[in-house]
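S.K.: what follows is a predicted protein model with its sequence.
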Amino acid sequence: MAIGLDNAGFSDALVILGAAGLVIPAFARFRVSPIIGFILVGVLVGPAGLGALTDRAPWLYYLTISNPHSIEPFAEFGIVLLLFSIGLELSFKRLWAMRAQVFGIGPAELIGSAVLIAVAVHLLGQDWGGSAGLGLALALSSTALVLPLVGTTSPVGRAAFAMLLFEDLALVPIIFALGAMAPTASPDGWVGIAGVALRGLATVVVMYLGGRLVLPRLFAQAARTKSPELFLAASLLVVITASVATTAAGLSPIVGALLAGLLIAETEYHNEVEVITAPFKGLALGVFLITVGMSVNLGEVLANWPSLLGGVTAVVGIKAIVTFLLLRVAQTGRGVAAETGLLMGSPSETTLIVLATAAQAQLILPSTAAFWQTVTAIGLTLTPLLAQAGKRLSRGIDRFAPNDPLPADDGGDGPGAVVIGFGRVGRMVADLLAVHGQRYLAVEADIDAVVEARRSGHPVMFGDIARGDWVERLDLARARALILTMDDPVLTVQLTRRMRALAPDLPIIARARDPHHAAELYRAGVTDAVPETLESSLQLSEAVLVDLGVAMGPVIASIHAKRDELRQTIRAAAELDREPRIRRVRRMSEDVRSA
């Protein structure tokens, strides 16, 4: 079936893909955050931007989004995938370690900010019911914008994630509470909240038990097919099923997505799933940011800028101060607390949902909801700028407060030695590392080899190192060494270049197929390349000559001469200013024999 140019979906897809493929790289060239780029694209192509001129210039129809509501499901899916990817980076052990922050600082920040905002709004003339609704709505912060800016492993990211996670858990109870506060609500409204809590708890328990049983088998079968498409389909099936299950229980779909990510994080497939779903998450999140930009009406902003500026400033200021004080009470460094406070200052995309609920419950007037929706849209647009301001403020504070205690690093001491490939060569290297008490982490793309290795107690992860941004997730900055043992000469050279760019001082030891491949690896940046055919061929030649009756002395002399010739060949081809370690390894083995 042919798709006409007048098709609204076709036109909207063209705008979104054009933004992702053309506009965003242009912003990146000028070092402008892609987040800001997507939001500005939304302002430009939205109904309040160029979309308002389509009556006078019909050709603009193909450069604007004609129906903003049609892309909202894709935007929501982007948030779901974002929470799913966050879950993949976590584990139940780490989440349990964060329980004091999630259920301590999290509710304190939400309730404290909500109370202060509610009091401020009440002093402006709003009744207490509406003030409570506005306070709870504006106290929420944006998971979709904050976490991509700071991640979940940095000190700021860990603090922000703990508070954002509690807000995501509290979203549905807040919506039910506002419904129960409505003037026309029945007295049974609070009973409904308790019912949702019980159903949600039961759903989470069932998903946890079922996921631990089903997911490893599901992904093992998908991995054995060696089909990226099937692996992607299984990943999306899991996240969508989990989101639908928690939605049916009365919770937010993002809770289900987070739980699905946590369950997969406990398996050996989590890195592969994260890499293979990343492009979808990035594009869907970009759609969400475009919808944020489309909600900004520049005409209304210019007409009411004093009151809107006051509203944005008050909300950001109150939330930043509350967050800063709570983190300081929790003995967080001043710089981290200040940066986190500013980052958490703007409202959330879920604020729009809570405002609509409050208006539907007749707690606030539609005009009041519209005003605060514009404040929320402006706040979301300012979030990347607040993040940059927070970083500068943090650096300034740390410069004048060098004695602040450093936050605890829960990431451990790094992965030790990283072994890529766990075949016969990788297993031998790992066994010798273990014999000498050296920590290591291995990565292997053959799921059956991973299962067998893990049963033997080896720390091996499943993942295809050749795909996506898997390399960047190995924490190489803190690795002690990198060992490449794959039997793929081209991939080994490519990975060497990427690894060397990521970690200039990291020792990289690579398996080479022959002396020519070793020379190429040296040019790519390896510390040492070990040609597997060289030593095996020389040892085979030695055994043949001795068995043929040649005296041991001449045989050893000829082996030394051949090894030296090959060493000089590698050195010349690679243009090294030092000798390869081939002879040193041989001398060590001879010392052992003589001993």
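M.R.: Alright, I've got the coordinates. Residues are numbered from 1 along each chain as shown.
S.K.: other SSEs contacting whichever strand or helix holds L82?
M.R.: Remark: L82 resides in helix 72-89, with elements defined by DSSP states H and E. Counting contacts by 3 or more C-beta pairs under 8 Å, 6 or more residues apart in numbering; DSSP states H and E, the secondary-structure elements packed against helix 72-89 are helix 143-150, helix 228-248, helix 253-265, helix 270-294. C-betas here are computed from N, CA, C, even on glycine.
S.K.: please redo it, this time with the cut-off set to 10 Å
M.R.: For helix 72-89, the elements it packs on are helix 8-18, helix 143-150, helix 155-180, helix 228-248, helix 253-265, helix 270-294, helix 349-360, judged by 3 or more C-beta pairs under 10 Å, 6 or more residues apart in numbering; DSSP states H and E.
S.K.: most tightly packed of those?
M.R.: Most buried of the helices and strands packed on helix 72-89 by mean neighbour count (mean count of other C-beta atoms under 10 Å) is helix 253-265; its value is a mean of 26.
S.K.: dump that one to CSV, restricted to CA.
M.R.: As requested, C-alpha coordinates have been extracted for helix 253-265 and formatted as CSV (Å, rounded to 0.1, in the frame of the first residue of the first chain):
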residue,chain,number,x,y,z
PRO,A,253,4.1,1.5,33.9
ILE,A,254,7.6,2.9,34.7
VAL,A,255,7.7,0.8,37.9
GLY,A,256,7.2,-2.3,35.8
ALA,A,257,9.9,-1.2,33.4
LEU,A,258,12.3,-0.6,36.3
LEU,A,259,11.5,-4.0,37.8
ALA,A,260,12.1,-5.7,34.4
GLY,A,261,15.5,-4.0,34.1
LEU,A,262,16.4,-5.1,37.7
LEU,A,263,15.5,-8.7,37.0
ILE,A,264,17.5,-8.8,33.7
ALA,A,265,20.4,-7.1,35.6
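S.K.: what is the orientation angle of that helix with helix 143-150?
M.R.: Helix 253-265 runs at 40 degrees relative to helix 143-150, counting by axes from the mean of the first three to the mean of the last three C-alpha atoms, to 10 degrees.
S.K.: let me see the mean pLDDT of helix 253-265.
M.R.: The average of the pLDDT scores along helix 253-265 is 83.
S.K.: same deal with stretch 104-123?
M.R.: 93.
S.K.: quick one: buried residues of that stretch?
M.R.: Neighbour counts using 16 or more other C-beta atoms under 10 Å place 105-106, 108-110, 112-118, 120-122 of stretch 104-123 among the buried residues.
S.K.: same for the helix or strand hosting A572, what does it pack against?
M.R.: Element membership for A572 (DSSP H and E) is helix 552-574. When contacts are defined as 3+ C-beta pairs under 10 Å, 6+ apart, helix 552-574 packs onto helix 515-524, strand 528-531, helix 532-547, helix 582-594.
S.K.: just checking, which of the buried residues of stretch 104-123 belong to helices?
M.R.: Taking DSSP state H, the ones among the buried residues of stretch 104-123 that sit in helices are 106, 108-110, 112-118, 120-122.
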